[in-house]
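A.B. asks: just coords:
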């Protein structure tokens, strides 16, 4: 028997974050329950099928209905709050390792173009989107940014560091800064090192023309694994969404599911 798309544990986390349903005083069609709509969203995220091909036999309503729920919940900040809540639970369980963090980026094709795309220099100038991630020592995604594929890795570096939310879960002030940061030669710029120093973060950035990035492999391989985890969600292996907010919502949901797996020790 197939496992349910939404486990009881995931639903217990996300249900309090969802906005209340709008009343329908004039009646009309019954509203698809939020859990059913979320099941349809997860099915599209994992399988990569087009929204309009979502099987109605699943009881999730139409693909358009699920897409609208994804959009509406993104507008109210549900997906980013879900990610922050799971990070909080991970820290509470002492499963975020702040001793080392890694930053890197990966580009994907953007078949339909849209905001947050650019000419990909590694794909014959075709439209693409670049995902910038920062992870902890175990590869847990702490934050991400989406830019055009022609954006140099070093330019959104400060914004990426600041995108890490304050993570509570333990007595004292919430934490958002790692002790040390590892990066490859793409970040070998004075502004990147200064950004780390201003935030009290030790840095280990490979120097261009002096050393090989391979020496950082024993620490940086975890972020490559994180990109592989994200690409297992077939809808994210290629960007099909023209709207950047929809692609952001799916990426944030994927990061939340990775955090949930870490919480359940499914590494």
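C.D. replies: On my side now, so go ahead. Fair warning: this is a prediction, and the values are worked out from it, not measured in the lab. Numbering: from 1, shown residues only.

A.B. asks: which parts of the lowest-mean-pLDDT helix or strand in the chain are buried?
C.D. replies: Across the helices and strands of the chain, mean confidence by mean pLDDT, DSSP states H and E is lowest for helix 217-231: a mean of 89. By neighbour count with 16 or more other C-beta atoms under 10 Å, helix 217-231 contains the buried residues 220, 222-223, 226-227, 229-230. For glycine as for every other residue, the C-beta is placed from the backbone atoms N, C-alpha and C.

A.B. asks: please apply the same query to stretch 115-128.
C.D. replies: By 16+ other C-beta under 10 Å, the buried positions in stretch 115-128 come out as 116-118, 120, 127-128.

A.B. asks: picking up where we left off before, got the buried residues of helix 217-231 as JSON lines, with distance to residue 153 columns?
C.D. replies: Shown next, in JSON lines, are these (distance: C-beta to C-beta, whole Å):
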{"residue": "220", "distance to residue 153": "13"}
{"residue": "222", "distance to residue 153": "17"}
{"residue": "223", "distance to residue 153": "12"}
{"residue": "226", "distance to residue 153": "16"}
{"residue": "227", "distance to residue 153": "14"}
{"residue": "229", "distance to residue 153": "20"}
{"residue": "230", "distance to residue 153": "17"}
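
A.B. asks: helix/strand/coil for residue 109?
C.D. replies: strand (DSSP: H, G, I helix; E, B strand; the rest coil).

A.B. asks: need the contact list for it.
C.D. replies: Going by C-beta atoms under 8 Å, 6 or more residues apart in numbering, residue 109 touches 120, 123, 126-128, 238-239.

A.B. asks: how close does it get to residue 34?
C.D. replies: From residue 109 across to residue 34, the span is 32 Å (C-beta to C-beta, to the nearest Å).

A.B. asks: pull the longest helix from the chain.
C.D. replies: If each helix of the chain is counted by residues according to DSSP state H, the longest one is helix 244-263.

A.B. asks: check which residues of whichever strand or helix holds residue 11 are buried.
C.D. replies: Assigned by DSSP states H and E, residue 11 belongs to helix 8-14. Neighbour counts over helix 8-14 (16+ other C-beta under 10 Å) mark 10, 13-14 as buried.

A.B. asks: tell me the one of those residues nearest residue 254?
C.D. replies: Comparing the buried residues of helix 8-14 against residue 254 with C-beta to C-beta places residue 10 closest, at 12.9 Å.

A.B. asks: list the buried ones in the following helix or strand past the helix holding residue 11?
C.D. replies: Note on helix 8-14: by DSSP H and E, the next helix or strand toward the C-terminus is helix 34-47. For helix 34-47, a neighbour-count test (16+ other C-beta under 10 Å) marks 34-46 as buried.

A.B. asks: now helix 34-47, how far from the centre of its chain.
C.D. replies: How far helix 34-47 lies from its chain's middle: 17 Å, per C-alpha atoms, centre = their mean, to the nearest Å.

A.B. asks: what's it packed up against?
C.D. replies: Contacts defined by 3 or more C-beta pairs under 8 Å, 6 or more residues apart in numbering; DSSP states H and E place helix 34-47 against helix 8-14, helix 63-75, helix 234-237, helix 244-263.

A.B. asks: show me what that helix is in contact with.
C.D. replies: Counting by C-beta under 8 Å, 6+ apart, 4-6, 11, 14-15, 18, 21, 49, 51, 54, 58-61, 63, 65-66, 69-70, 233-236, 250, 253-254 sit against helix 34-47.
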